[in-house]
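Student: sequence plus predicted model, see below.
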Amino acid sequence: MSSLLIPLTGLKGTSQETEFSVSGAFFREFGEGPVLDADVKVKAVLSREGADFALDLHYEGVLTLSCDRCLQEMSFPVSLTSRVLLSRDGREEESEDGREVIPLEAVAKEFDAAQLIYDDLSLCIPIRHTHPEGGCDPKVLTYLTDNPGDEQEPTDSPFSALGKLLS
Ligand SMILES: [Zn+2]
């Protein structure tokens, strides 16, 4: 599993930036998922907040997903910011302004943001994602129009008949 490390030591001035590029290979390391490919730039801005660190992650780029309507590839633009607090004292409860608090080991010299970045990008994908209206593969749409039952759960498909045979 690749790590995306943010150094916690040597923070000069008020904040420090680390940049990452997230590709399809990054998502494949996490196993099966809706993301077929990715080209997302992540800018991590670390700053001190009392004894803790505030970490703001800015995402900009494109995920490639499979369209739920026509099953062809679709581009899903991503532009979002997520903010967490890295706590030095091991506490985990949410901060007062609702940010997730991630406990650090007291001796930690760096923070691996891979899981956090994976979660942020996975959670921004809507459960149902499709091409914009008119953007789907016309061949597949023609098929769906001719077979309108195919989009719902089929009740008497060959597969359910097979299921009955096997049960
Ligand atoms: Zn589509």
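Tutor: Yes, it's here. Because the structure is predicted, anything quoted here is derived from the model rather than measured.

Student: okay, CA-based contacts and neighbour counts for the rest of this
Tutor: Fine.

Student: which residues of this structure lie near the ion?
Tutor: 67, 69-70, 131, 136 (CA under 5 Å from the ion).

Student: quick check: domain ranges of the chain?
Tutor: 5-130, 137-167 (automatic domain parsing).

Student: which of those domains is buried the deepest?
Tutor: Highest mean neighbour count of these: domain 5-130, a mean of 16 (counted as mean count of other CA atoms under 10 Å).

Student: chain center to it: distance?
Tutor: Computed by CA atoms, centre = their mean, to the nearest Å, the separation of domain 5-130 from the middle of its chain amounts to 8 Å.

Student: state the mean pLDDT of it.
Tutor: If you average the pLDDT over domain 5-130, you get 92.

Student: and it, how far apart are its ends?
Tutor: One end of domain 5-130 sits 34 Å from the other (CA to CA, to the nearest Å).

Student: state the distance from residue 43 to residue 34.
Tutor: In terms of CA to CA, residue 43 sits 23 Å off from residue 34.

Student: before we move on, what about residue 5?
Tutor: Separation of residue 5 from residue 34 (CA to CA): 25 Å.

Student: can you show me the helices along this protein?
Tutor: For the chain, the helices defined by DSSP state H cover 24-29, 114-123, 138-146, 158-166.

Student: so what's residue 69 up against?
Tutor: Residue 69 is in contact with 130-131, 136, counting by CA atoms under 8 Å, 6 or more residues apart in numbering.

Student: can I get these in CSV including distance to residue 99?
Tutor: Below are the contacts of residue 69 laid out as CSV (distance: CA to CA, whole Å):
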residue, distance to residue 99
130, 30
131, 32
136, 38
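
Student: in this structure, what residue is nearest the ion?
Tutor: Closest approach between the chain and the ion, counting by CA to the ion: residue 136, at 3.5 Å.

Student: quick one: neighbours of that residue, just the number.
Tutor: Residue 136 has 19 neighbours, counted by other CA atoms under 10 Å.

Student: do I have it right that it meets residue 70?
Tutor: Yes - contact criterion CA atoms under 8 Å: residue 136 and residue 70 qualify, at 5.9 Å.

Student: for the two, list the residues in contact with both.
Tutor: residue 130.

Student: got the contact list for residue 118?
Tutor: Contacts of residue 118 (CA under 8 Å, 6+ apart): residue 27.

Student: span of stretch 100-112 from start to end?
Tutor: Span of stretch 100-112 from end to end, CA to CA: 16 Å.

Student: now tell me what touches that stretch from outside.
Tutor: Residues contacting stretch 100-112 (CA under 8 Å, 6+ apart): 3-9, 83-95.
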